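Visitor: with the input below, show me the fold.
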Amino acid sequence: MSTNPFTLEIRTKDLDRIATLPASATWTVDMEIGTVGSWEIRLPIEEPAAKALQTPGAGIILTGPTGPVFSGPATNHQYEATTTDPHGILIIEGTSDLVHLHDRLVWPKPANPVTDQAGVWRSEGHTSDVIANLVDRNAGAGARSERRVRALTIAPVDAFGVDDVAVARFHNLFGLLVELAAKGDTVFALTQIDRELVFTQWAPDDRSATIRWSLASNDLSGTRAAITAPSTTFPVVTYEFTPPDAKNAKETTADVPILASTKKVETLWGRRIEKTESTGAGNTKEGEAIDAPAIAKGIERQRTEAITGIVAEAIPLEGALTNLALPLGTKVAVDIDGVETPAAITGYTLTADDKGFRIEAKVGDAARLHPAQWLGRRIADLAERLTRLERGHPR
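Guide: Below you'll find the model as predicted:
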């Protein structure tokens, strides 16, 4: 265990810091790419901080050696007492501030009232620009006043990611951001800095050439790898189009070409797995060719889901981490069952309890651990073991 270099403060709904969590409290903070994130605090009910955390709108700010790394509101609290602790403890749970984006929908026309929302929202450009535009128009300064998240600002960045198109009509904002970020290899966060909620984006660094973790070198406490069946082999993408009169939007179905690799996986597993997905509009007349983004979505779903997956995970030891010095998304080299592969840091869990303070990281990137490579190594290992057995040498 190491000394806790982090400070956890309590804030009000107005984002004012009012107290520091006492040493008698225990807490856990979870942050993971593609999720909102969560936290839990347990402290004696008689602590003054307990009352502050029960106030509607209260939340926390977690600050490390380099500045704030996590913040978010409380969502519920409960009281727990036992015969050994009749005074009881308070358990408070919450989320990260990304929940504010999860609370929003993507309006087709963000500047208009909800009664004037014909058509769809459409944005094109680099991933970072499309994401920033979505956040600004639906939750930031560019949104209608009643939809703005309190004190939300967007940190400027140079454009990065892939050229992308976002088409939506009342889709969940956070879900769409996660989808865009995954395609554009982008990571984002919403964290309180001073008295502002700052939305940040970054392109993950690839440190796999210089940082290598393995069980043999005592960098990892454990690894695991699992073979998984495909989750989709026949995507049905419904597509919304707007007639010339701009009223009564209708839906049709995209003619998504089925990839040769998808057909092979379907034959291999003996399953046809149909999944439906709704996408946005773009055409103006019924009968026109389906808009490219709808077809692209169906093809992308095949590439990511119509595969025999190898889900890999590695848990670094505490000594391999230094105060979250490696941002989420950073790629390191990890040895999974003898196969070294670049893998992204997908999550962190920070815990302070009666056992001390510790940081755990989740590392895994199924897309970068190629099934043929992993299975090939496993088959080679098995063949070698069989040969040794035949020769009378079990090891």
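Visitor: C-alpha from now on. contacts and neighbour counts both.
Guide: Will do.
Visitor: domain parsing for this structure?
Guide: 7-95, 102-202, 212-228+310-345+366-390, 234-305 (automatic domain parsing).
Visitor: correct me, but residue 167 touches residue 120?
Guide: Yes: between residue 167 and residue 120 there is a contact under C-alpha atoms under 8 Å: 6.7 Å.
Visitor: sorry, back to before: can you put the domains of the chain in a markdown table and add mean pLDDT?
Guide: Listed next are those as a markdown table, based on pLDDT from 0 to 100:
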| stretch | mean pLDDT |
| --- | --- |
| domain 7-95 | 92 |
| domain 102-202 | 94 |
| domain 212-228+310-345+366-390 | 66 |
| domain 234-305 | 72 |
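Visitor: now tabulate these in CSV and tack on distance to residue 359 and mean neighbour count.
Guide: Shown next, in CSV, are the domains of the chain (distance: least, C-alpha to C-alpha, whole Å; neighbours: other C-alpha atoms under 10 Å):
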stretch, distance to residue 359, mean neighbour count
domain 7-95, 10, 18
domain 102-202, 19, 18
domain 212-228+310-345+366-390, 6, 17
domain 234-305, 30, 17
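Visitor: could you dump those domains to JSON lines with distance to residue 351?
Guide: Shown next, in JSON lines, are these (distance: least, C-alpha to C-alpha, whole Å):
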{"stretch": "domain 7-95", "distance to residue 351": "4"}
{"stretch": "domain 102-202", "distance to residue 351": "19"}
{"stretch": "domain 212-228+310-345+366-390", "distance to residue 351": "12"}
{"stretch": "domain 234-305", "distance to residue 351": "33"}
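Visitor: let me know which of the ones you listed is the nearest to residue 354.
Guide: domain 7-95 (7.5 Å; C-alpha to C-alpha).
Visitor: would you say residue 300 is within a strand?
Guide: No: going by DSSP: H, G, I helix; E, B strand; the rest coil, the assignment for residue 300 is helix, not a strand.
Visitor: can you tell me the closest non-neighbouring residue to residue 263?
Guide: Excluding its sequence neighbours, the residue lying closest to residue 263 (C-alpha to C-alpha, 6 or more residues apart in numbering) is residue 233, at 7.5 Å.
Visitor: can you read off the pLDDT for that neighbour?
Guide: pLDDT, residue 233: 88.
Visitor: how about it, what does it touch?
Guide: 262-263, 265-266, 272-275, 302, 305-306 (C-alpha atoms under 8 Å, 6 or more residues apart in numbering).
Visitor: put together CSV for the residues you listed, with secondary structure and distance to residue 150 on each row.
Guide: Below are the contacts of residue 233 laid out as CSV (DSSP: H, G, I helix; E, B strand; the rest coil; distance: C-alpha to C-alpha, whole Å):
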residue, secondary structure, distance to residue 150
262, helix, 46
263, helix, 49
265, helix, 48
266, helix, 49
272, coil, 47
273, coil, 43
274, strand, 42
275, strand, 38
302, helix, 39
305, helix, 38
306, coil, 41
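Visitor: of those, closest to residue 53?
Guide: Using C-alpha to C-alpha, those come closest to residue 53 at residue 305, 41.9 Å.
Visitor: so the closest one touches residue 230, yeah?
Guide: Yes: taking C-alpha under 8 Å as the definition, residue 305 is a contact partner of residue 230 at 5.7 Å.
Visitor: excluding chain neighbours, what is closest to residue 236?
Guide: Closest to residue 236 by C-alpha to C-alpha, 6+ apart is residue 276, at 4.6 Å.
Visitor: wasn't that neighbour part of a strand?
Guide: Yes: per three-state DSSP, residue 276 lies within a strand segment.
Visitor: show me how far the host helix or strand of residue 351 is from its chain's centre.
Guide: Following DSSP states H and E, one finds residue 351 within strand 339-353. Strand 339-353 sits 13 Å away from the centroid of its parent chain (C-alpha atoms, centre = their mean, to the nearest Å).
Visitor: summarise which helices and strands it is packed against.
Guide: Under the contact definition 3 or more C-alpha pairs under 8 Å, 6 or more residues apart in numbering; DSSP states H and E, strand 339-353 sits against strand 26-32, strand 331-336, strand 356-363, helix 371-390.
Visitor: partner strands of it and their direction?
Guide: Strand 339-353 has these partner strands in its sheet, going by DSSP bridges: strand 26-32 (antiparallel), strand 331-336 (antiparallel), strand 356-363 (antiparallel).
Visitor: picking up where we left off before, OK, contacts around the residue nearest to residue 236?
Guide: Contacts of residue 276 by C-alpha under 8 Å, 6+ apart are 235-238.
Visitor: in strands only, show me those.
Guide: Judged by DSSP state E, these include 235-238 as members of strands.
Visitor: for residue 115, state which of those residues is nearest.
Guide: Distances from residue 115 to those, taken by C-alpha to C-alpha, are shortest for residue 238, at 24.4 Å.
Visitor: what about that closest one, distance to residue 357?
Guide: 49 Å (C-alpha to C-alpha, to the nearest Å).
Visitor: repeat that for residue 307.
Guide: Counting by C-alpha to C-alpha, the gap from residue 307 to residue 357 is 40 Å.
Visitor: what helix or strand is residue 200 on?
Guide: strand 196-202.
Visitor: excluding chain neighbours, what is closest to residue 133?
Guide: Closest to residue 133 by C-alpha to C-alpha, 6+ apart is residue 123, at 7.9 Å.
Visitor: so what touches the helix or strand residue 296 falls within?
Guide: In the assignment (DSSP H and E), residue 296 maps to helix 292-305. Helix 292-305 has contacts (C-alpha under 8 Å, 6+ apart) with 165, 167, 230-239, 254-259, 262, 279-280, 367.
Visitor: just the closest of the contacts of residue 233 to residue 341, please.
Guide: residue 305 (20.4 Å).
Visitor: may I have the beta-bridge partners of residue 63?
Guide: Beta-bridge partners, per DSSP bridges, of residue 63: residue 7, residue 68.
Visitor: and it, how far from residue 20?
Guide: Following C-alpha to C-alpha, the distance that separates residue 63 from residue 20 is 11 Å.
Visitor: likewise residue 79?
Guide: Taken as C-alpha to C-alpha, the span from residue 79 to residue 20 is 21 Å.
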